[in-house]
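> Test case, fold it:
(one chain, ligands or ions: 1)
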Amino acid sequence: MEDGWEASAGAWIDVMGDEGDWGRKHVLDAALLARLEGREFSRILDVGCGEGRFCRMLPHPDRTVVGLDPTEDLIACARDRDPHGDYQVGTAEQMPFPGGSFDLIVSYLSLIDISGLQQAVGEFSRVLRPGGTVLIANLTSFRTASLKNLTNRDESDRSFLCSVDRYMEEFWYWSEWSGIRVKNWHRPLSAYMSAFLQHGFELRFFDEPLPGSGESNDQADAFRRAPFFVTMEWQSAADPAARPNPTPSPVSRTINRQNRRTRGRQMRSIR
Ligand SMILES: C[S@@+](CC[C@H](N)C(=O)[O-])C[C@H]1O[C@@H](n2cnc3c(N)ncnc32)[C@H](O)[C@@H]1O
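Numbering: from 1, shown residues only. Have a look, this model is predicted:
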C-alpha cells in the first residue's frame, strides 16, 4: 500500500527547512551527535535519510556517508543540496549494499516509517561490519499509541497527557500535519527491542532525551512532561557465526497473532 511519502515530499522539505523541525533542532540533533563525538566511524549509512539534512551534518574528511531512502523526490532534494554526497534510492528491508559495508547505521526517526521491521533489522545486521553500531532515534511507543483527540488538558487548559490504548498491538495509522500525510507504525517498545535482540545485537545505550535546559516554552514543557523520543545504540555481534537464527520470541509471537487483526486508523501527528 502507498505510504504517502512521495505525495508529501514537497511539504516535508518545506517543514524541515535547513534546520529541521523543533524536536530535531532542540532535542535529537544534539542527542545523536553527542553519541558520535570522539568516535571513529569511517563508513556511515543513514537509513531513511529523507532530504539528507542529518547526512550533511556528518561529513568529515575521513568519513564516507551514504544516505538511503525510498522516496525519490527526497533523494533528488538531498542530491541537489549536497552534489558531492552519496544518496541512493532504496528501502531498509532490501538494501543495495554488500555485507559488511558500514561501521555505523543511523536511523533518525525512520523506524516508525518502515513497514518490515524484522527484515530491516536483518539487513542492518548484514550490511554492518561485525561489531558495528546502529544509532537510533524513534518516537516513544506511548506517543504512537495515543490518540490526539483523547489528550487530556491541564489546569491551564494546555494539552499534556496522552491517553494510551492498544499499546501491545502493532498497527499503522495516517499521521497528518502541515500538508504531510504519511503512514506511520505503532509498535510496543518490546517489539523494537526484541527485533534487535533476535538478530544478535547488544544494547549499548538507551535514553529519553529532553530539550536543553535553556529551553523554556510550552513545547519544551510538553516534551519534559511526556517525552516524544527514545534514542538507543545497538552493537552487532562481533562474530557473525555466533549470530542467533532469529526466531520469534514470546513477545513477537503475541504481536504476530494480534497483527492478524491489524487495521489502519486515522490519527493526527503528535510530532
Ligand atoms: C520521518 S522521515 C525522517 C527523515 C530523516 N531521517 C529525518 O529525520 O529528517 C522518515 C523517512 O523514512 C523513509 N522511509 C519510508 N519507508 C522506508 C523504508 N521502508 N525504508 C527506509 N526508509 C523509509 C521516508 O521516505 C522518510 O524519508
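
> where does the stretch 101-250 of the chain come near the ligand, residue by residue?
Counting by Cβ under 6 Å from any ligand atom, the residues of the stretch 101-250 of the chain close to the ligand are Y108, L109, S110, D113, I114. C-beta coordinates here come from the backbone N, C-alpha and C atoms, glycine included.

> and G50, what helix or strand is that in?
If you go by DSSP states H and E, G50 is not part of any helix or strand.

> Would you check that it makes contact with M16?
Yes - when contacts are counted by Cβ atoms under 8 Å, G50 is listed as touching M16 (7.2 Å).

> Of these two, which one has the most company?
Ranked by neighbour count (other Cβ atoms under 10 Å), G50 and M16 place G50 first, with 25 against 18.

> So that one versus Y87, what's the distance?
10 Å (Cβ to Cβ, to the nearest Å).

> ditto for K183
22 Å.

> among the residues of the stretch 101-250 of the chain next to the ligand, which are in strands?
If you go by DSSP state E, these have Y108 in strands.

> Make a markdown table out of the residues of the stretch 101-250 of the chain next to the ligand and add distance to A78, neighbour count and pLDDT.
Below are those laid out as a markdown table (distance: Cβ to Cβ, whole Å; neighbours: other Cβ atoms under 10 Å; pLDDT from 0 to 100):
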| residue | distance to A78 | neighbour count | pLDDT |
| --- | --- | --- | --- |
| Y108 | 13 | 23 | 98 |
| L109 | 16 | 21 | 98 |
| S110 | 14 | 20 | 98 |
| D113 | 16 | 22 | 98 |
| I114 | 18 | 20 | 98 |
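
> And K183 and Y87? Which one has more around it.
The residue with more neighbours, out of K183 and Y87, is Y87; 23 against 17, by other Cβ under 10 Å.

> can you pull the buried residues of the helix or strand containing the more buried one?
Counting by DSSP H and E, the element that carries Y87 is strand 86-89. Buried positions in strand 86-89, judged by neighbour count with 16 or more other Cβ atoms under 10 Å: Y87, Q88.

> Tell me how far stretch 104-122 lies from the chain's centre.
6 Å (Cα atoms, centre = their mean, to the nearest Å).

> what's the span of that stretch, first residue to last?
With Cα to Cα, to the nearest Å applied, stretch 104-122 spans 15 Å between its terminal residues.

> how about G4, what does it touch?
With contacts defined as Cβ atoms under 8 Å, 6 or more residues apart in numbering, the neighbours of G4 are W174, I180, R181, V182, K183.

> can you map out the helices along the chain?
5-16, 22-23, 29-36, 53-57, 72-81, 117-127, 141-144, 189-198, 218-225, 250-259 (DSSP state H).

> In JSON lines: those helices, plus mean pLDDT.
Below are the helices of the chain laid out as JSON lines (pLDDT from 0 to 100):
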{"stretch": "helix 5-16", "mean pLDDT": "98"}
{"stretch": "helix 22-23", "mean pLDDT": "93"}
{"stretch": "helix 29-36", "mean pLDDT": "97"}
{"stretch": "helix 53-57", "mean pLDDT": "97"}
{"stretch": "helix 72-81", "mean pLDDT": "98"}
{"stretch": "helix 117-127", "mean pLDDT": "98"}
{"stretch": "helix 141-144", "mean pLDDT": "92"}
{"stretch": "helix 189-198", "mean pLDDT": "98"}
{"stretch": "helix 218-225", "mean pLDDT": "83"}
{"stretch": "helix 250-259", "mean pLDDT": "42"}
